[in-house]
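S.K.: Turn this into a model:
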Amino acid sequence: MSEAGNRLRRLLAAALIAVFGVAPAQTLATVVQFETVLGNFRVNLFDNVTPVTVANFLDYVNNGAYTDSFIHRSEPGFVIQGGGFTYDGSLQFSAVATSGAIPANAAIVNEPELTNARGTIAMAKLGGDPDSATNQWFINLDDNAANLDGQNGGFSVFGVVIEDGQDGGMDVVDAIAALDRENLGGAFATLPVLSASTGAGPDASNLVIVNSIVVLDTTVDTGADLLPATNVTANPPPAPTPAPVVDSGGGGGGGGGAPGLVFLAGLAVLVRLRVTR
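M.R.: This is a model prediction of the structure:
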């Protein structure tokens, strides 16, 4: 946008704030790129809508926690899930895995503001604990609003896969979901693999490795066309305030009051960090 256009946008924002006391909705469009063995895809993060969740995710990204991690769960038609494990050559694929687990920071507060539509990324968390998300994330393969928007306080959508022609977009995500899966128990009950593993279990050659997640862009953008719908299940709209009756001021015998205005009150752990169908 030209400098003149930017000045006009700033003036418009200032006018809206002066008149209505609110700023126009914006999305701080941090864009990250997932670089996987099956190709790259980009995700636009919703910094202003879910600031705590985005800051938490970017902390793991910037610290390199997701480097050489892998997709450990695939549920075709539902989600793919990652962010929990790296393959370091010694990971034991079992019901209780410790080696290779990505160290988790403190859990964060839930921000179920947006619906779990296809292509959105959200945080996994403990069952029965809305404020328990740490490092594991999942990407919705379908519209999972009916299931996930209300489950466990709602799952915090904090970004969406971009179909911008620069990378594979959801084609890459869908390709991961189309892979064969192996049941190795626990967190690895639906592990996607590039090829069948031997009795020793998968290794770096047949896991869906996320080589890295890198920040590409931190500029501010309106991003209105990228925002999914509001999560109305976890965040029901407030009930309208009852209409007050204005006293007519009439004396003596009786005069009905004139109706007043209606004021609206504003417009699975290894297994623990799992979302359930």
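S.K.: what are the ranges of the strands in the stretch 151-277 of the chain?
M.R.: Residue ranges of the strands in the stretch 151-277 of the chain, as given by DSSP state E, counting those that start in this stretch, are 157-162, 180-182, 191-193, 209-217, 220-221, 245-246, 258-259.
S.K.: Distance to residue 123 added to these, as CSV?
M.R.: All C-beta atoms are positioned from the backbone trio N, CA, C, and that covers glycine. CSV is the format used below for the strands of the stretch 151-277 of the chain (distance: least, Cβ to Cβ, whole Å):
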stretch, distance to residue 123
strand 157-162, 7
strand 180-182, 22
strand 191-193, 20
strand 209-217, 14
strand 220-221, 23
strand 245-246, 47
strand 258-259, 46
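S.K.: isn't residue 80 right up against residue 175?
M.R.: No. In terms of Cβ atoms under 8 Å, residue 80 does not count as a neighbour of residue 175; the distance is 10.2 Å.
S.K.: Let me know which of the strands of the stretch 151-277 of the chain is the nearest to residue 230.
M.R.: Closest approach to residue 230 among the strands of the stretch 151-277 of the chain is made by strand 157-162 (10.3 Å; Cβ to Cβ).
S.K.: Tell me which stretches of this protein form helices.
M.R.: Taking DSSP state H, the helices of the chain run over residues 3-20, 51-62, 145-148, 170-177.
S.K.: Check the ones you listed for me: which has the lowest mean pLDDT.
M.R.: With a mean of 38, helix 3-20 has the lowest mean pLDDT of those.
S.K.: Quickly note the distance from the residue nearest to residue 188 when sequence neighbours are not counted to residue 202.
M.R.: Counting by Cβ to Cβ, 6 or more residues apart in numbering, residue 188 lies nearest to residue 93, which is 5.0 Å off, once chain neighbours are set aside. From residue 93 across to residue 202, the span is 7 Å (Cβ to Cβ, to the nearest Å).
S.K.: Spell out which residues are contacts of both of those two.
M.R.: 184, 191 (Cβ atoms under 8 Å, 6 or more residues apart in numbering).
S.K.: re earlier: report how many residues lie close to the residue nearest to residue 188.
M.R.: Around residue 93 there are 22 other residues, counting by other Cβ atoms under 10 Å.
S.K.: who touches it in this structure?
M.R.: Residue 93 touches 184, 185, 188, 191, 201, 202, counting by Cβ under 8 Å, 6+ apart.
S.K.: can you check residue 39 too?
M.R.: Neighbouring residues of residue 39 by Cβ under 8 Å, 6+ apart: 167, 168, 171, 172, 175.
S.K.: Assess the claim that the first one and residue 43 are in contact.
M.R.: No. Shown here, residue 167 and residue 43 do not form a contact pair, counting by Cβ under 8 Å, at 10.1 Å.
S.K.: neighbour-wise, which of the two wins?
M.R.: Between residue 167 and residue 43, counted using other Cβ under 10 Å, the more crowded position is residue 43 (23 against 18).
S.K.: What's the separation between the nearest residue to that one once chain neighbours are set aside and residue 178?
M.R.: Spatially, and ignoring its direct neighbours in sequence, residue 43 is nearest to residue 159 (4.6 Å; Cβ to Cβ, 6+ apart). Counting by Cβ to Cβ, the separation of residue 159 from residue 178 is 22 Å.
S.K.: Of these two, which one has the most company?
M.R.: Neighbour comparison, residue 159 and residue 178: the larger count goes to residue 159, with 30 against 11 (by other Cβ under 10 Å).
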